[in-house]
Each structure stands twice: as C-alpha cells, then as structure tokens.
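A.B. asks: dropping a prediction and its sequence here:
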Amino acid sequence: MRRSAPAAAVLAGALALAGCGTYSGPGSGGGKAELSVGSAYMPQPVSDEMAAGFLTISNKGGAADELTSVTSDVAGQVTVHETVGSAMQEVTRLEIPAHGRLVLKSGGNHLMFEKLKRKPKEGQTVSVELRFAHSGPVTVEMPVKPPTYTPATGH
C-alpha cells in the first residue's frame, strides 16, 4: 500500500504529539514538584557534638525533585546521609519522586547535625531549612523528642 507524502507527515506529527507529556521529570515541562514536610523530629542528642534528624517529604506534583542541602541555626553543618544495607554514607542529594515521598528515618536515610552550637533539649524545637534542586526552600520547626523516641506512625 502506498501513502501520499501529506498523509505520512500527518501520521508522523500525530505520533510525535502522542508522546508529549509522558515524561514528567525535572525540566520536562510535564508538571512541577509540590512538596510538603511532615513527621519531623530530632531525638534529644546524647552527644554534645552531633544529633540526628528525621522527617518525611511528600511530593504530590508531577515532577521529581531532590533534597540538595540542609541548614540549621543549631549546627555548624547539616549533612544528608543515605543508608544502604548497614552502611551509612554522606550524599549530596536524595530524590523525591513525582507522586511519591522521601522518608528520613532511624536506621535509614537521615540528617546529621554536626558541630552543634548548643545541645537541643527535649521539648524544644530546632529550625531547619531544606533546599531543593528545583523547588524553593522550606523551613521546618523540628520538635526535640526523648532520646529513645520512636514514632508510632508517619514513617
């Protein structure tokens, strides 16, 4: 069967348009991240030098984003750590998938507050600023819980 050039052009254009909007990664134009933060807490540190922090970042948007850095008034430095198996390592970014979430929890991915300027006490809050590859920064007030605190839900 032989097709005319205009019909082939229409078919090619239709096929090209059918593929539009299927990729929703960063910079694709297929949406944007819609981030929210919940379940944040810091167990009261037992060390004068370091503390850990945990939270969940939810993304209801159509594009992925990445947590790229964290700062806090309580620490000289806050680093992001990934746990693979039983090994922990510092990373420069963690992905927050489109229509998904990034969970930072005890025994898993987490924040490390290093060079503490003061030792947070149970009942206080710690201000944390989260920065992302594509979204604006988000400030979170992280409550300080007992050293052995384990959340019942949220992680």
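C.D. replies: Looks like it arrived, so ask away.
A.B. asks: could you use CA atoms for every contact and neighbour count after this?
C.D. replies: Noted.
A.B. asks: show me the helices in this protein, by range?
C.D. replies: Along the chain, counting by DSSP state H, helices occupy 5-18.
A.B. asks: just for it, where's the confidence low?
C.D. replies: Of all residues in the chain, those with pLDDT under 70 make up the ranges 1-30, 153-155.
A.B. asks: apply 50 and report the result again.
C.D. replies: Along the chain, the parts satisfying pLDDT under 50 run over 1-29.
A.B. asks: residue contacts, the closest residue to Asp48 other than its chain neighbours?
C.D. replies: Excluding the flanking residues, the one nearest Asp48 by CA to CA, 6 or more residues apart in numbering is Lys119, at 5.9 Å. Counting by CA atoms under 8 Å, 6 or more residues apart in numbering, Lys119 touches 45, 48-49, 74.
A.B. asks: narrow those to those that are buried.
C.D. replies: Applying 16 or more other CA atoms under 10 Å to the contacts of Lys119, the neighbour count classes 45, 74 as buried.
A.B. asks: tell me the one of the contacts of Lys119 nearest Val84?
C.D. replies: Pro45 (23.3 Å; CA to CA).
A.B. asks: how close does that closest one sit to Ser127?
C.D. replies: Per CA to CA, to the nearest Å, Pro45 is found 15 Å from Ser127.
A.B. asks: what do you get for Ala152?
C.D. replies: Per CA to CA, Ala152 is found 23 Å from Ser127.
A.B. asks: between these two, which one's more packed in?
C.D. replies: Shown here are Ala152 and Ser127; by other CA atoms under 10 Å, Ser127 has more neighbours (13 against 6).
A.B. asks: excluding chain neighbours, what is closest to the more buried one?
C.D. replies: Once flanking residues are discounted, Ser127 sits nearest to Glu141: 4.7 Å by CA to CA, 6+ apart.
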